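Colleague: Quick one: sequence and predicted model below, then my questions.
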Amino acid sequence: MKNYVILLCLLFIISACGTDQGYYPVETYNGSTSSLVMMSLGVPNQKINVGSSYQLSVTVILPTGQRTSGLTDSFVYPDTNEERNIVWLSSNTRVASITQSGRLLPVKSGYVTISASIDQSTASGAIRVYDVGEVVVEQQPDINKPIEDTDEDPELEPEDDLDAEVTDRFVSCQGFAEAVVLFDIGEHGGYGSESFPEVVLGPPGGSTDVLSLGYQGEIILDLGDCQVADGDGVDFIVFENPFYLHGDETTPYAELGIVGVSSDGVHFTEFDCHEEEYPFTGCAGWKRVNAIPASGISPFDIDDAGGDQFDLSDIGIDKARYIKIRDLYGDGLSGNAFGFDLDAIAVVNGEREE
């Protein structure tokens, strides 16, 4: 990255009409290998509908005031003529995919996070996709209808029966993260992003099937319908890719992360991470993964799966739908593989509403 201060704004443009739409800046992110880069993302000031397509573009503003708009594929540094590709990513391709030329293709209703990156700088923001004809109508009471008198008292069910009815709405489940809500890439991160977001969804894939968060990078994952619930013992497992130096589990090569959980995706409660020395209790990223595809070990096997195990009772939480992981040190071996390397999250004790 050259010695610039660059402001990137993602402007959403409907190619059919060819005019700029209004946008709301929703996020600012600072991060670069050699200079400060400020990036802000705009989201469409309109409904994004399934079955349509929307051309996104990037605007680069240099400190001199020079502005380059309508970029979809690449950016050229004006002083060196070096060209850099713009990398577009969708957090949930089941809601909307994004081509490498910046065209958004909505698939089904829901929320999706779209991000664009140039070198080590990334901007991202959430988009709401609507299905065609998706309208919620609440039944309004007829205020003109007379109230019928009755001598009969309503029958009240016993309290125990009411409790049983509520409990029966939920069934136990096990599963994995289903979507990425936010990926705030840190410096020297991004390894595995070519397979994003699938690389961190589903079961663990092995030591190289990971996403590097970068220095103090952060990711928030949505567990979907199978939310983690406080049960007996371990409730969920976070899989990274540590290894033991000289085969000694007391000397792991650990890239630690702080783990938090939330029911709304906004307010998180974090586990207390003992990061100073081994054992790194409450942290993620220090226990070897055994449940790799070739092992035949279930990722839900708390005795043999490996990974870093968490119990919601340790932080007084009953249930959570979202899990956040934040890199602590940004350690790494080379290139863009610095920081916490997320492989997968397994829900051991989960609840799904019927």
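Modeller: Received it, and whenever you're ready, just let me know what you need.

Colleague: quick one, strands of the stretch 51-200 of the chain?
Modeller: With DSSP state E, counting those that start in this stretch, the ranges of strands along the stretch 51-200 of the chain come out as 54-61, 67-71, 74-76, 83-85, 87-90, 96-98, 103-106, 110-118, 121-130, 170-176, 179-184.

Colleague: So what sits opposite residue 221 in the bridge?
Modeller: residue 180, residue 323 (DSSP bridges).

Colleague: and it, how many neighbours?
Modeller: Neighbourhood size, residue 221 [other C-beta atoms under 10 Å]: 27. Using the backbone N, CA and C atoms, a C-beta is placed for each residue, glycine as well.

Colleague: For residue 281, see how far away it is.
Modeller: According to C-beta to C-beta, to the nearest Å, residue 221 stands 22 Å off from residue 281.

Colleague: Walk me through the domains of this protein.
Modeller: The chain resolves into domains spanning 1-132, 167-354 when parsed by automatic domain parsing.

Colleague: Lowest mean pLDDT across those, which one is that?
Modeller: By mean pLDDT, the lowest-scoring of the domains of the chain turns out to be domain 1-132, with a mean of 63.

Colleague: Would you mind finding the most buried of the domains of the chain?
Modeller: domain 167-354 (a mean of 19; mean count of other C-beta atoms under 10 Å).

Colleague: Isn't residue 76 up against residue 85?
Modeller: No - applying C-beta atoms under 8 Å, one finds residue 76 not in contact with residue 85, separated by 10.9 Å.

Colleague: Residue 318 versus residue 230, what's the distance?
Modeller: 5 Å.

Colleague: Mutual contacts of those two, please.
Modeller: Common contacts of residue 230 and residue 318 (C-beta atoms under 8 Å, 6 or more residues apart in numbering): residue 312.

Colleague: rewinding a little: rebuild the strands of the stretch 51-200 of the chain as a markdown table, extending it with distance to residue 338.
Modeller: Supplementary listing: the strands of the stretch 51-200 of the chain in a markdown table, determined by distance: least, C-beta to C-beta, whole Å:
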| stretch | distance to residue 338 |
| --- | --- |
| strand 54-61 | 25 |
| strand 67-71 | 27 |
| strand 74-76 | 23 |
| strand 83-85 | 19 |
| strand 87-90 | 17 |
| strand 96-98 | 25 |
| strand 103-106 | 30 |
| strand 110-118 | 15 |
| strand 121-130 | 15 |
| strand 170-176 | 25 |
| strand 179-184 | 14 |
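
Colleague: Let me know which of these is the nearest to residue 254.
Modeller: Closest of the strands of the stretch 51-200 of the chain to residue 254 is strand 179-184, at 21.5 Å (criterion: C-beta to C-beta).

Colleague: what helices or strands is the following helix or strand past that closest one leaning on?
Modeller: For strand 179-184, the following helix or strand on the C-terminal side (DSSP states H and E) is strand 211-212. The contact analysis (3 or more C-beta pairs under 8 Å, 6 or more residues apart in numbering; DSSP states H and E) places strand 211-212 against strand 341-342.

Colleague: Just the residues contacting whatever helix or strand comes next after the strand it packs on, thanks.
Modeller: Using DSSP H and E, the helix or strand that follows strand 341-342 in sequence is strand 344-353. The contact list for strand 344-353 (C-beta under 8 Å, 6+ apart) reads 169-177, 200-205, 221, 223, 225-239, 291, 299-300, 302, 305, 307, 319, 323.

Colleague: Then stretch 301-313?
Modeller: Outside stretch 301-313, the residues touching it (C-beta under 8 Å, 6+ apart) are 204, 228-230, 233-240, 259, 261, 271, 283-291, 297-299, 318-320, 346, 348.

Colleague: what's the span of that stretch, first residue to last?
Modeller: 19 Å (C-alpha to C-alpha, to the nearest Å).

Colleague: How far off centre is it?
Modeller: Mean-position distance between stretch 301-313 and its chain equals 21 Å (C-alpha atoms, centre = their mean, to the nearest Å).

Colleague: outside of the strand or helix carrying residue 237, which residues touch it?
Modeller: Assigned by DSSP H and E, residue 237 belongs to strand 236-239. Residues outside strand 236-239 that contact it (C-beta under 8 Å, 6+ apart): 204, 228, 257, 259, 284-285, 289, 291, 299-300, 302, 305-310, 323, 325, 342-349.

Colleague: list the contacts for the residue lying closest to residue 306 once chain neighbours are set aside?
Modeller: Spatial nearest neighbour of residue 306, excluding adjacent residues (C-beta to C-beta, 6 or more residues apart in numbering): residue 290 at 3.8 Å. Residue 290 makes contact with 297, 304, 305, 306, 307, according to C-beta under 8 Å, 6+ apart.

Colleague: what do you get for residue 292?
Modeller: Neighbours of residue 292 in contact, by C-beta under 8 Å, 6+ apart: 204, 205, 206, 207.

Colleague: Would you quantify the distance from it to residue 241?
Modeller: On the measure of C-beta to C-beta, residue 292 and residue 241 end up 10 Å apart.

Colleague: Which parts of the stretch 201-350 of the chain are strands?
Modeller: Under DSSP E, counting those that start in this stretch, the stretch 201-350 of the chain gives strands at 211-212, 218-222, 227-229, 236-239, 243-244, 252-253, 257-262, 269-270, 308-310, 319-320, 322-327, 341-342, 344-353.
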